[in-house]
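[1] A structural model of the following input is requested.
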Amino acid sequence: MLKKLLLAATMFGFFATVSQAQTKLNKSWFSVHFGHNAYKGDLGNEMWKYDSDSDWSGGIGFHQYLNPSFDMDVVLEYGYLDYKNGKNPDDYTDQRANTSFGTKYIDANVMLRYKFANGYIFSETAAIQPFIGAGLGVTPFFDGSDNIFEADAEYPQQDIDSRVGFNIPLEAGFDFRLSDKTKLFLKLRYNRSFVDGADGYGDGDALHDDIDGKGHDDFMVTSVGFKFNVGGAKDTDGDGIPDKRDRCPETPGPEEFDGCPDTDGDGIPDIDDRCPDTPGPAEFDGCPDSDGDGIPDIDDECPDEPGLEEFNGCPDTDGDGIPDKDDRCPNEPGLEEFDGCPDTDGDGIPDIDDECPNEPGPKENNGCPVADFDYENVLFQFDKSFVEDEFKPELDEAAETLMDDTGLKVNLSGHTDAVGPEQYNLRLSERRAESVKSYLEGQGVSGDRIFTKGYGESQLKVDTQSKERENRRVEIEIEQM
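    Modelled structure (predicted):
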């Protein structure tokens, strides 16, 4: 008896190993079930008859996902099989009359199951999932006896020798999907055995001679049970790709991208796509190149203008080594110190800011040269304020300078000597400045460019009486407005 059990356990372990080795997605299920047996052999046929209370069975199973259409099932079942014939008053020679037997068995099967809920016929998540299957099994029969119902002194109960035989199991049934992790199932399995004598009738060492001449005793099991997902690979995002093979285990994605999404549909999964929301070619890691300069927009500081790699995708129209975006003069070559603008006159002021780009000049004069306006003072007679003829050529030259450059202005400062009252001399100095202004206006110079001021005797130039006339003067200063 122990040898039979060890043999069945060994076969079951072998089958389970084979099943596990063929796993693709490692979606494993465990099942428990109980059922009813129906015998077919030398003594008769009770298949499709469910009125017996003693033909029971129970078992466990392991079920491994192979692909959408096929699973591998390994089932270990323990049960009790019996049969009873009544008397046959019409034929007292009937060997089957008033006979019976009972035996225990262990049935270990490995089966290939075809699932109709495979996505082609029915949805893989269908609530009712029909299946069929076939395989190979081994069944030890043990602790058997004949005459279990009618044993008496004339027909004593006799032990039936234990037997082990292979069988071909054929099954059909339904899985009822309760959740992602649980199923209820109902199935019918027919075991076509290759052993005879389990019922005590057969050739060789059987208790009694073979009756039906078929050489095998079969049985059918109708069972109901539950399946529980215990070894299925974890699939956090529910995209059908187990986390261990899913490059994006928390975000659903297709098989072709190893479980990662492709949000922009450019054929590059988001995990490898530098621009996952904008379609782009693979050469730029999924980023577009809007201006076609070979620099993807994500790295291009000027994505709408073709440019050079050395300038991060920006153009340098004038070729001065300064990209247009940083060049104040993008169409004229210039120097970096002047933000890409030239300095034609070399005065340190770029042409764009130089009011006289072809003539050097100081910054305080906006790049224009400062003219040397050195005019002689206009001198006056004692207590006089009119302009004498000898000074008019000098004033004519000053007027011409002012007329040639409307950006110039003239400051006229009137002065006197120290003879006479101070207040009188102040007014006299003012009249002298106004007199020169009137002359310049007469030469065409606008009065709003002429500024006068009298200083009286406060700024004497000389203090000797012989040179008093040099104190009676109007000083001329021309400068930029």
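
[2] find the nearest non-adjacent residue to residue 286, please.
    residue 273 (3.4 Å; C-beta to C-beta, 6 or more residues apart in numbering). Using the backbone N, CA and C atoms, a C-beta is placed for each residue, glycine as well.

[3] who's in contact with the one you found?
    262-264, 266, 280, 285-287 (C-beta atoms under 8 Å, 6 or more residues apart in numbering).

[4] isn't residue 159 up against residue 141?
    No - with contact defined as C-beta atoms under 8 Å, residue 159 does not reach residue 141; the gap is 11.9 Å.

[5] tell me which of the two has more neighbours.
    Neighbour tally, residue 159 and residue 141, criterion other C-beta atoms under 10 Å: the higher count belongs to residue 141, 25 against 11.

[6] three-state assignment of that one?
    strand (DSSP: H, G, I helix; E, B strand; the rest coil).

[7] ok, it to residue 242 distance?
    41 Å (C-beta to C-beta, to the nearest Å).

[8] so where's the stretch 151-300 of the chain shaky on pLDDT?
    Residues of the stretch 151-300 of the chain meeting the criterion pLDDT under 70: 151-157, 203-213, 231-233.

[9] recalculate using a threshold of 90.
    Within the stretch 151-300 of the chain, the ranges that satisfy pLDDT under 90 run 151-165, 177-181, 193-218, 229-245.

[10] got the domain ranges for the protein?
    2-229, 330-369, 378-480 (automatic domain parsing).

[11] surely residue 77 and residue 37 touch.
    No - Residue 77 lies out of contact with residue 37 (C-beta under 8 Å); the separation is 9.5 Å.

[12] mutual contacts of these two, please.
    Contacts common to residue 77 and residue 37, judged by C-beta under 8 Å, 6+ apart, are 57, 221.

[13] how about the helices in the stretch 201-350 of the chain?
    Along the stretch 201-350 of the chain, no segments are classed as helices by DSSP state H, counting those that start in this stretch.

[14] strands of that one, residue ranges please.
    218-229 (DSSP state E, counting those that start in this stretch).

[15] I'd guess residue 390 is in a helix, am I close?
    Yes - Residue 390 forms part of a helix when assessed by three-state DSSP.

[16] export the domains of the chain to JSON lines and tack on distance to residue 311?
    JSON lines is the format used below for the domains of the chain (distance: least, C-beta to C-beta, whole Å):
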{"stretch": "domain 2-229", "distance to residue 311": "51"}
{"stretch": "domain 330-369", "distance to residue 311": "12"}
{"stretch": "domain 378-480", "distance to residue 311": "40"}
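
[17] mind checking those domains for the one nearest to residue 314?
    Closest approach to residue 314 among those is made by domain 330-369 (10.2 Å; C-beta to C-beta).

[18] list the buried ones in that closest one?
    If you call a residue buried by 16 or more other C-beta atoms under 10 Å, then domain 330-369 has these buried ones: 330, 332-334, 338, 340-345, 347, 349-352, 354, 356-357, 360-361, 365, 367-368.

[19] stretch 72-86 now?
    72-77, 79, 81-85.

[20] repeat that for stretch 175-191.
    For stretch 175-191, by 16+ other C-beta under 10 Å, it's 175, 177, 183, 185, 187-191.

[21] quickly find the element holding residue 427.
    helix 422-442 (DSSP states H and E).

[22] mean confidence (pLDDT) on the next helix or strand after that helix, please.
    Going down the chain from helix 422-442, the next helix or strand is strand 450-454, by DSSP H and E. Mean pLDDT, computed over strand 450-454, is 95.

[23] what comes into contact with strand 450-454?
    With C-beta under 8 Å, 6+ apart, strand 450-454 has contacts from 409-415, 426-434, 436-437, 440-441.

[24] any of these buried? List them.
    409-410, 412-415, 426, 428-434, 436-437, 440.

[25] the stretch 51-200 of the chain: helices as residue ranges?
    Going by DSSP H, counting those that start in this stretch, the stretch 51-200 of the chain shows no helices.

[26] contacts only, for the nearest residue to residue 432 once chain neighbours are set aside.
    Of all residues not flanking residue 432 in the chain, residue 414 sits nearest, at 4.2 Å (C-beta to C-beta, 6+ apart). Residues in contact with residue 414 (C-beta under 8 Å, 6+ apart) are 428-434, 436, 452-455, 473-474.

[27] how near is residue 414 to residue 393?
    Residue 414 is 20 Å from residue 393, by C-beta to C-beta.

[28] and residue 165, what is it in contact with?
    Taking C-beta under 8 Å, 6+ apart, one finds 138-139, 141, 193-195, 198, 216 in contact with residue 165.

[29] 10 Å - rerun?
    137-141, 191, 193-198, 216-217 (C-beta atoms under 10 Å, 6 or more residues apart in numbering).

[30] still on that earlier bit, redo the contacts of residue 414 as TSV? Include distance to residue 321.
    Output for those, formatted as TSV (distance: C-beta to C-beta, whole Å):
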residue	distance to residue 321
428	65
429	60
430	60
431	63
432	60
433	56
434	59
436	55
452	54
453	53
454	59
455	57
473	58
474	56
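
[31] what's the closest of those to residue 235?
    Nearest member of these to residue 235, counting by C-beta to C-beta, is residue 453, at 95.4 Å.

[32] any idea what the closest one is bridged to?
    Residue 453 forms beta bridges with residue 413, as assigned by DSSP bridges.

[33] residue 308 contacts residue 301, doesn't it?
    No - between residue 308 and residue 301 there is no contact under C-beta atoms under 10 Å: 11.0 Å.

[34] any common contacting residues for the two?
    295, 314, 323.

[35] name the nearest residue to the first one, ignoring sequence neighbours.
    Closest residue to residue 295 in three dimensions, ignoring its sequence neighbours and counting by C-beta to C-beta, 6+ apart: residue 313, at 3.9 Å.

[36] ok, the one you found - how many residues close by?
    25.

[37] quick one: it and residue 294 touch, right?
    Yes - applying C-beta under 10 Å, one finds residue 313 in contact with residue 294, separated by 8.6 Å.

[38] now do the shared contacts for those two.
    300, 306-307.

[39] in space, what's closest to residue 322 - neighbours in sequence excluded?
    Closest to residue 322 by C-beta to C-beta, 6+ apart is residue 340, at 3.9 Å.

[40] same deal with residue 319?
    Using C-beta to C-beta, 6+ apart, the closest residue to residue 319 is residue 333 (6.3 Å).

[41] what's the spacing between the one you found and residue 260?
    Distance, residue 333 to residue 260, by C-beta to C-beta: 49 Å.

[42] just residue 143 next, same as before
    On the measure of C-beta to C-beta, residue 143 and residue 260 end up 58 Å apart.
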